[in-house]
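**Q** How does the following fold in three dimensions:
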Amino acid sequence: MNYDVLIVGGGIAGMESALTLGDMGFKALLIEKEPSIGGKMILLSKVFPTLDCASCISTPKMASTIHHPNVTVLTSSEAREITKNADGTFKAIINRKTTYVDNNACTGCGECELACTVALPDRFNFDMVAHRAAYIPFPQAVPKKAVISRQGQSPCSNACPAGVKAHGYVSLVRAGRYEEAFHLHMKDAPLPGSLSRACYAPCEDECTRGDIEGAVAIRELKRFVVDRYYQTHLESEEKQPEKLLDKNVAIVGSGPAGLSAAYYLAGNGYRVTVFESAMKSGGLLRYGIPDDRLPNSVVERDIVNVASLGVEIRTNSTVTSVKALKEQGFDSVFLALGAMKAWKISLSGEDLDGVMDSMTFLKEANTNRKLNLRGKTVMVTGSGNAAISPAKMALRLGAEKVIVQYREVIDYRKYYGNENELTHDWEVDDNTNEGVELQLLKTPKRFIGDNGHLTGVESISLKLSKSDSNGIRQPIPVEGSEEIIPVDLVILAVGMRPGVASFQKELDINRDGTIPVNAETLETSMPSVFAGGDVATGPSSITEAMGQGKRAAFYIDRYLQDRPLANITFDTRLPVVDKSSAISRSEPISRREPTGF
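**A** This next block holds a predicted model:
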């Protein structure tokens, strides 16, 4: 763009200069870093020395400037660089800050300000009051267009693998707009009931208030919102789209990844069929998490959100071939098999009756099969959350004694730097408070049996080695520390893997049993076939699996619409806001202690 004059600053001097030059026939470009022209004068009540009304003088100038045919005004803009050319002219590089508002559509009605629930200090009023994050700078603003003040992604929202906007729904809860908070969550994760109970809340770990008075109880607020909504909405408000596309998608697995993908694909009008090998849908949510932590009734209600969109869920339907699904008329396939198979630990006696993996134990307990543990001694061996859940379940099934053997100390990350097997301190504390005997730095050496039935475990003590070059201390056996512990049941919590053996002739499979996929699109080695969740990443969290399901739905949609998968970004989050800058915005606000009622 070529102009005769560049004027930097939209205060009274800049406006007067622009108007004068415009009247003389020059094309003037006026840039102002604030959302409105007017400068400091518009903030004043009177002007010196005449004590005339500042607004009465500046407002007509603002209107004249914005409407002058020879003056172009760019608000929310700054000159980044100005250089002089050889011919005496100048070249300016202008940075325009985004306002997150379509100025052509904005009428300046102010409805967005009434709807917004996020409060920020109002600089127009010298931070003595607040305005909303979506706001019109002041009543006489020119141009009178709304602006959304956003420095970036809030740390809590940025931490969520599923992209749930924690900051948004917390602010809606604070404003008493509970149903809106629920629907905001549904845009990013359609199983809010399960997440409100079983999510490990990485958002709370990154909460800006965490180092001050403590993190906001984000997950508990979610649970309040979900429970309140489900009590008044026994059926989902979601409806199947009126216009369905002539495309069929098969999803194998009804865990968090599969249900999430089904929700978004069905919402886009695709005909979605979910195949589940178990008697009921839900996958890990139903079979891998104890009912006291995540009741099946909550899982059922979450699944209603998905089924109400017209998703067909076929239980007792095992899929062993992707090609067979293609032959049945499915245009695309999403493999969301999870990681429900246990690794073997290759110890003597592992096949004895009375030795089982944690997933098998939890599945039997959650399907109401009779597990009589009254008066019995149960040992759980392994690490991570896989060891915590079965220990609690064994107690609730009446076990007289529950032992958990860990190869590490509680704060094992400082010794191993391993974040793949997460165990949260509060879960360990809950276990010990409920009566679980925690044996640290101990591990089974062999399992002892009589006539094929488990009778005891020979365990050995461990000690931490000296730190290696990376500062890591490894557990090593202590010679002569073996002891035999009589037990009736051993639960192996040594990690899970996907069950993909039936697909080995059709797809590439990694050595650890996961399916290799494109990191961005989740497409497998076979075109039109995608995979996500634990079957692609290995054991993770339900939030990560849901995020993968949503990502898969995005790229499956593009694939079925014959749109390119490359050079397109699915997750367009802004850079995360620095916590210290967020805290500094509240410094002008004085603290008020709570008063009694």
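**Q** So which bits of whichever helix in the chain runs longest are buried?
**A** Scanning the chain for the helix with the most residues, using DSSP state H, yields helix 542-560. Using 16 or more other CB atoms under 10 Å as the burial criterion, the residues of helix 542-560 that qualify are 542-557, 559-560. From N, CA and C alone the C-beta is placed, and that goes for glycine too.
**Q** Averaged pLDDT, the next helix or strand after that helix. What do you get?
**A** Moving toward the C-terminus from helix 542-560, the first helix or strand encountered (DSSP states H and E) is helix 579-584. When the per-residue pLDDT values of helix 579-584 are averaged, the result is 82.
**Q** Take helix 579-584, keep the C-alpha atoms, and write them as PDB.
**A** Listed next in PDB are the C-alpha coordinates belonging to helix 579-584 (Å, rounded to 0.1, in the frame of the first residue of the first chain):
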ATOM      1  CA  LYS A 579       2.100 -17.500  34.600                       C
ATOM      2  CA  SER A 580       4.000 -14.500  36.100                       C
ATOM      3  CA  SER A 581       2.400 -12.200  33.500                       C
ATOM      4  CA  ALA A 582      -1.000 -13.500  34.300                       C
ATOM      5  CA  ILE A 583      -0.500 -13.000  38.100                       C
ATOM      6  CA  SER A 584       0.800  -9.500  37.500                       C
END
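**Q** List the buried residues for that helix?
**A** Buried residues in helix 579-584, counted by 16+ other CB under 10 Å: Lys579.
**Q** what's the answer for stretch 37-54, then?
**A** Counting neighbours by 16+ other CB under 10 Å, stretch 37-54 gives 37-39, 41-42, 47, 54 as buried.
**Q** Then stretch 335-345?
**A** Taking 16+ other CB under 10 Å as the basis for neighbour counts, the residues of stretch 335-345 that come out buried are 335-342, 345.
**Q** Narrow the buried residues of stretch 37-54 to those in strands?
**A** Helix and strand membership here follows DSSP state E; of the buried residues of stretch 37-54, those in strands are Val47.
**Q** Out of the buried residues of stretch 37-54, the closest to Ile515 would be?
**A** Set against Ile515, the nearest of those by CB to CB is Ile37 (57.3 Å).
**Q** Leaving out sequence neighbours, find the closest residue to Ala130.
**A** Using CB to CB, 6 or more residues apart in numbering and skipping the chain neighbours, the partner closest in space to Ala130 is Ala119 (4.1 Å).
**Q** From Glu32, how far off is Phe138?
**A** Distance, Phe138 to Glu32, by CB to CB, to the nearest Å: 14 Å.
**Q** who's more crowded, those two?
**A** Between Phe138 and Glu32, Glu32 has the larger neighbour count (other CB atoms under 10 Å), namely 23 against 19.
**Q** residue contacts, that one?
**A** Counting by CB atoms under 8 Å, 6 or more residues apart in numbering, Glu32 makes contact with 9-10, 14, 39, 73-77.
**Q** Scan those and report the most crowded one.
**A** Within the contacts of Glu32, Gly10 tops the neighbour count with 26 neighbours, counted by other CB under 10 Å.
**Q** State whether that one is indeed within a strand.
**A** No: with DSSP: H, G, I helix; E, B strand; the rest coil as the criterion, Gly10 is assigned coil and is not in a strand.
**Q** Give me the pLDDT for it.
**A** For Gly10, pLDDT reads 95.
**Q** and the buried residues of stretch 37-54, which two are the farthest apart?
**A** Taking every pair in those and measuring CB to CB, the maximum separation is 17.0 Å, between Ile37 and Val47.
**Q** just to revisit the earlier point, so how far is Met24 from the residue nearest to Ala130?
**A** Here the distance between Ala119 and Met24 works out to 45 Å (CB to CB).
**Q** more neighbours, these two?
**A** Remark: of Ala119 and Met24, Ala119 carries more neighbours, 15 against 11, as counted by other CB under 10 Å.
**Q** Could you pull up phi and psi at that one?
**A** Summarising the backbone geometry of Ala119 under the convention degrees, to the nearest 10, its torsions are phi -100, psi 140.
**Q** Would you enumerate the residues in contact with Gly456?
**A** Counting by CB under 8 Å, 6+ apart, Gly456 makes contact with 447-448, 484-487.
**Q** Please report the distance of it from Val478.
**A** For Gly456 relative to Val478 (CB to CB), the value is 20 Å.
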